[in-house]
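Chemist: Here's a sequence, model it:
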Amino acid sequence: MNAMKVAIVDDEPLARARLARLLDAQPGVEVVGQHADGGSALAALSKEAVDVVFLDIRMPELGGFALLERLAPGRRPMVVFVTAYPVHALDAFEVQAIDYLLKPLSERRLVQALSRARELHALRTAHAADPSVGRYPKRIAVPERGRMRLIQVTEIIHASARGNYVEIALEDTSYLIRDTMTGFAARLDPAIFVRIHRSRLVRIDMVEHVEPYGPAQYWLRLRNGQGMSSGRSYRDPVRAALGLLR
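Modeler: Next comes the predicted model:
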């Protein structure tokens, strides 16, 4: 695989230099640009494609989020935020950053971010060669205490709409992400998950018992003891996913 092309955007010279040294020491990484402000970074990224940008949030005139808004969608690289402020982690998730690193930056966290970037880079390369590859992600980033945690999709038991958010339930915890149920469901493999209601979806292999529950509805009992009802308009997807005979 070709080296990942990386750009650094940070208005602090010492922070920029240290990050460049750490990245230069990592295999399969090529630092192709260092930018001291958002304006010069925007101009460079609009002309030359890079795979990953390590981006500071608070910079004079044009901050990290504003920079991303001005980039054309087709020119946006993978984003790793590097900042001294933990309060922007949720905002970072909403723009689909792959990681959120806090200053002073540790080499361990940088290696973790690069691992995720390499995984996505390989997936994108494979998808470009064959669009059927990697359509559905195996992991999803969720906000957790000022950083992003990557959870396996197969850890998800069910998910429910909560206003402008989706609550993702795992075996022993849950996470809120800013998304619609329709948008979230579109990211999941329909061979693994089924949407049973306009505000709920469930992992198919978690369903242990099914019984009628009103006209065109079902009551689903999960392996963990939870129960939930399906919506009338979702009768056919539920039937198909659970192998119910007409």
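
Chemist: Flag the shaky bits of this protein, pLDDT-wise.
Modeler: 1, 126-134, 146, 245-246 (pLDDT under 70).

Chemist: tell me the SS of the residue most central in space within it?
Modeler: Geometric centre of the chain, nearest residue: residue 141, 4.0 Å, by CA atoms, centre = their mean. Under DSSP: H, G, I helix; E, B strand; the rest coil, the three-state class of residue 141 is strand.

Chemist: quick one: contacts for it?
Modeler: Residues in contact with residue 141 (CB atoms under 8 Å, 6 or more residues apart in numbering) are 93, 96-99, 148-150. In short, each C-beta sits where N, CA and C put it, glycine included.

Chemist: again with residue 68
Modeler: With CB under 8 Å, 6+ apart as the criterion, the residues that contact residue 68 are 55, 76, 79, 95.

Chemist: ok, residues contacting the helix with the most length in the chain?
Modeler: Taking DSSP state H as the criterion, the chain has its longest helix at helix 107-129. The list of residues contacting helix 107-129 from outside it, by CB under 8 Å, 6+ apart, reads 1, 4, 19, 22-23, 26, 28-29, 51-52, 78, 80, 98-99, 101-102, 133-135, 137, 150.

Chemist: just the helices in this protein please.
Modeler: Under DSSP H, the chain gives helices at 13-24, 38-47, 64-70, 89-94, 107-129, 181-186, 235-242.

Chemist: Any chance of the ones you listed in a markdown table with distance to residue 217 as columns?
Modeler: Shown next, in a markdown table, are those (distance: least, CB to CB, whole Å):
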| stretch | distance to residue 217 |
| --- | --- |
| helix 13-24 | 54 |
| helix 38-47 | 50 |
| helix 64-70 | 43 |
| helix 89-94 | 34 |
| helix 107-129 | 38 |
| helix 181-186 | 18 |
| helix 235-242 | 7 |
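
Chemist: Looking at those helices, spot the one closest to residue 212.
Modeler: Closest to residue 212 of these, according to CB to CB: helix 235-242, at 10.7 Å.
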